[in-house]
Each structure stands twice: as C-alpha cells, then as structure tokens.
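Novice: I would like to see how this sequence folds:
(one chain, ligands or ions: 1)
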Amino acid sequence: MIYTKDLSKYYNKKSRGIIDLSLDIKEGEIFGFIGPNGAGKSTTVRTLLNFIFPTSGQGKIMDLDIVKDSVLIRKNVGYVPSEVHYYNDMIVEDFLKYSTDYYTDDYQERLYELSDKLELDLKRKIGDLSFGNKKKVAIVLALVYQPKILIFDEPTSGLDPLIQSVFFELLKKEKERGTTIFFSSHVLSDVQKICDRVGIIKEGRLIKVETIDDILKNKAKNVRIQSDDFNLIEDEHVIDLNIVNNRYHFTFTGNISDLLKKIADYHIEDISITEPTLEEIFMHYYDMGDQS
Ligand SMILES: Nc1ncnc2c1ncn2[C@@H]1O[C@H](COP(=O)(O)OP(=O)(O)OP(=O)(O)O)[C@@H](O)[C@H]1O
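Specialist: Predicted coordinates for the structure are as follows:
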C-alpha cells in the first residue's frame, strides 16, 4: 500500500532529510515509524505526500506515483501533520463543515460523532485553540471520510492521556475496517500499543524493520544477579554490564537456558530475569546503529 525504494531527500548539499529509504507497507497494516528529533520522520511523511520533492528514488501509494499522482493520492489519504496550521479566524465547526463539503457523501454525522468523542469544542475559533485541540481538528478531518490510508506525524503530541486512549480506540476501529496506517512517532509506548511492525529511523536511514512481537519476544533479557563470586564478564552474550558492589546488571543476548546452566556454578543470593522495555531495545539499536 505504501512503498518506497531508495527514497532520498536532501534539503541542500549539507542538510540531509532521508537517505535511501526503502519501505513496503501492506494493506491493513499499522506501521510504526520511530526515531528521535531530526531523524527524518517528517521528511518521509512530507515526501510521501509530495509536499516536498524527493531528491532521488521512488515511492508509491496504492500503486500511484508519489510525485506524478499526488493529487489522487491525497484524495485517498487522511493526514495528521506534526504541527497544525489552519485558518485561525474560522470557527472550528464552520471549518470542518467547509472541509467536508468537498466530499460527495454526507459526512456530517460522523464529523459530530468524532468531535464529541475527542471532546473538541466546535464553537471556538481555530486561532484560540491550544496545540492539542488543533491536533484534534486534524484528527477529525483525517478520520471523517474513512480513507483507505491514514498517515500520522506525531498524532498524540498535545493530547491528554484520556483523549489519547479515545484516539487509540478510534484507530482500533480503523484497523478492523482494514485501513492502512503509517504512524510516525518518537513515543515508543504509542507504537507498542497499536502497531504491527515498526521501522526505526536514525540520521535519515532506516536501520531496522521488525514486528513488535518479535522485537519484544526474541530479544535480549535484562538480568540482575546478586552474588559474591559471579564471573561471566567475558561471556560474548553479556553486554552493557554494570557492577555495583556484588550486584550485576547486564543484558543477556544468548539462549536463556544456557545462562541458567552457567550461573548454576556460582553462589547466587538473588536473581531476576526480565524482558527489556521497548525503550531499552530501541536504545540498544541506536547504539549499534547500522550493524544491528
Ligand atoms: N526545511 C528544511 N531545510 C533544511 N533542513 C531541513 C528542513 N526540514 C528538515 N530538515 C533537516 O532534515 C533532518 C530531518 O528532519 P525531520 O523534521 O524530518 O526529522 P523528524 O524525525 O521529523 O524530527 P522531529 O520529530 O523533530 O520533527 C534534520 O536534520 C533537519 O534539520
């Protein structure tokens, strides 16, 4: 549904946006796109929607070319930008009605239903809305006509936790309908909640694409051991070792039953083996960069 091959964007010779980005997102998939500030998330989204031209490479959305067919693409995509700029002097209700008038079907009822769920005050002027409330306007607009594809750039920023959970409920309904969702964010818990797969972007390059399940299931474990004679420091599977007094904290990347066999030789006072958080895994990928 969303495909790119070696897509690159340089703003000028010195300023890279994205480099050789290749993505293949299937119909009905919710794809998380994660990376810190400046990694290239917004550049990717803006290039996909042809707000900026790619420097090289190609991209397709629903088999349509992202540059040549961008008008048709935008008709089929709901988009929530990272920063929302609409007509400040318009009343929210008028703006939403005006925007939905473009579509042939009658979306008025859904417009009010979504605004109500997100607790959006329809009677205020857009210019008087907070950042989060402006974001709600963008979310209503993206969801109202039930497009086949949704592209979100940091959609939850500015939303309070209650509204965030309403938003995720709305997305679950979209998923049931088979909508394809590109979800760019730097908030790992958001991505973990809703996405099927996640792509990690670092300094403009995609360094990893994996399912959330695999990331959490197959990866290293956090191990904490208290022992006065423990000595696995040279083990190739022991990384990020931290020793304070007789307390050992490390990440174990090998088979956990091998670890249990090895530690049976030591006098262990206390032990815990836990799944790393997505945050820790993410930091690990970031440290390893392209070799991961
Ligand atoms: N208009 C621009 N002109 C020059 N460089 C730009 C421009 N927009 C973005 N960049 C550069 O491109 C790189 C990627 O920026 P981008 O905004 O895509 O990152 P991001 O992952 O969306 O980060 P953020 O979460 O801060 O928006 C950064 O180094 C940024 O400085």
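Novice: so what's the closest residue to the ligand within the stretch 151-292 of the chain closest to, chain neighbours aside?
Specialist: Residue of the stretch 151-292 of the chain nearest the ligand, by CB to the nearest ligand atom: His186 (5.8 Å). All C-beta atoms are positioned from the backbone trio N, CA, C, and that covers glycine. Spatial nearest neighbour of His186, excluding adjacent residues (CB to CB, 6 or more residues apart in numbering): Pro36 at 5.6 Å.
Novice: Distance from stretch 112-122 to the middle of the chain?
Specialist: 24 Å (CA atoms, centre = their mean, to the nearest Å).
Novice: One more: stretch 154-167?
Specialist: For stretch 154-167, the distance from its own C-alpha centre to the chain's C-alpha centre is 14 Å (CA atoms, centre = their mean).
Novice: just stretch 186-200 next, same as before
Specialist: The chain centroid and the centroid of stretch 186-200 are separated by 5 Å, computed with CA atoms, centre = their mean.
Novice: In that stretch, which residues are buried?
Specialist: Of the residues in stretch 186-200, those buried under the neighbour-count criterion (16 or more other CB atoms under 10 Å) are 186, 188, 190-200.
Novice: and the two most separated of those residues?
Specialist: Farthest pair in the buried residues of stretch 186-200 (CB to CB) is His186 and Asp196. Separation: 18.9 Å.
Novice: can you give me phi and psi for the nearest residue to Ile2 once chain neighbours are set aside?
Specialist: Distance criterion CB to CB, 6+ apart; nearest residue to Ile2, sequence neighbours excluded, is Ile25 at 4.1 Å. Ile25 has phi and psi values of phi -110, psi 120 when expressed as degrees, to the nearest 10.
Novice: Please apply the same query to Gly38.
Specialist: The phi and psi values for Gly38, taken as degrees, to the nearest 10, are phi 80, psi 0.
Novice: try Tyr248
Specialist: Per degrees, to the nearest 10, the backbone of Tyr248 is at phi -110, psi 130.
Novice: Pull the contacting residues for the residue nearest to Ile2.
Specialist: Ile25 is in contact with Met1, Ile2, Tyr3, Phe31, Thr180, Phe182, Arg197, counting by CB atoms under 8 Å, 6 or more residues apart in numbering.
Novice: mind redoing it with 7 Å?
Specialist: Met1, Ile2, Phe31, Thr180, Phe182 (CB atoms under 7 Å, 6 or more residues apart in numbering).
Novice: how far away is it from Val77?
Specialist: Ile25 sits 13 Å away from Val77 when distances are taken as CB to CB, to the nearest Å.
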